[in-house]
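K.L.:
just to be clear, the model below is a prediction. Sequence and coordinates:
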Amino acid sequence: MTRAAFLDRDGTIMADVGYPSDPRQVHLVPNAIEGLKLLREHGYALVVVSNQSGIARGMLTLQDAQRVNDEVQRLLTQGGAHVDAFYLCPHRDRDGCDCRKPKPGLIEQAIREHGYAREGSVAIGDRPRDIEAGRAARVKTVRILGGPYAGEGSNNEAGIADYDAVDLLAAAHWITGGVQRAAS
């Protein structure tokens, strides 16, 4: 069974610009392509799991979100990376759905639909809700530090994530054992 990296989109792969509705708003974060390529080289499927409450709020449409995802994919492909699947939750917290992080519904759906192995899989995101979703899905977790949600607490102090990383490349090194090898 294939292991998967379940990745938040905004703030992890692309810059968090609020509620992106236009492909021109897509700017990849530094080291995103390199991190994704390293994960792929180590056999990970790459799956985006993203809350997109702007849809329920009327700030963008499902088609707008798809166009943004298509642009993310285009930019990644230009750099030699590729996402296997995109999953999104169009709801708000108050809607009570099972797919909105911190609930694990998007990760669980991807595991069901693609047969990904839980063992060895990892959830990566920049917010505590990304980490909570990963924990609820019983996979390892990595929090990307910095960005607009840096003030939501330090994982190491709170014991939230299995690892804190400065960016997706640092996360990929830890996941693939690069941190341990570098320290040897």
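P.N.:
Arrived safely, thanks for sending.
K.L.:
so which residues of this structure form helices?
P.N.:
Assigned by DSSP state H, the chain shows helices spanning 32-41, 62-78, 105-114, 128-136, 155-158, 168-175, 178-183.
K.L.:
avg pLDDT for the longest one?
P.N.:
Think helix 62-78. The pLDDT scores in helix 62-78 average 98.
K.L.:
got a list of contacts for it?
P.N.:
Defining contact as Cβ atoms under 8 Å, 6 or more residues apart in numbering, one finds that helix 62-78 is touched by 9, 13-14, 20-23, 25-26, 28, 32-33, 36, 48, 52, 54-55, 82-83, 86, 88, 90. Every C-beta, even on glycine, is put in place using the N, C-alpha and C of the backbone.
K.L.:
now stretch 163-170
P.N.:
Residues contacting stretch 163-170 (Cβ under 8 Å, 6+ apart): 7, 12-13, 29-32, 34-36, 38, 124, 140-146, 154-156, 171, 174, 179.
K.L.:
just the buried members of these?
P.N.:
Buried by 16 or more other Cβ atoms under 10 Å: 7, 12-13, 29, 31-32, 34-36, 38, 124, 140-145, 155, 171, 174, out of the contacts of stretch 163-170.
K.L.:
count of residues packed around residue 42?
P.N.:
15 (other Cβ atoms under 10 Å).
K.L.:
would you agree it is in contact with residue 176?
P.N.:
Yes. With contacts counted by Cβ atoms under 8 Å, residue 42 reaches residue 176, the gap being 4.4 Å.
K.L.:
grab the nearest non-local neighbour of residue 52.
P.N.:
Nearest non-adjacent residue to residue 52, counting by Cβ to Cβ, 6 or more residues apart in numbering: residue 88, 4.6 Å away.
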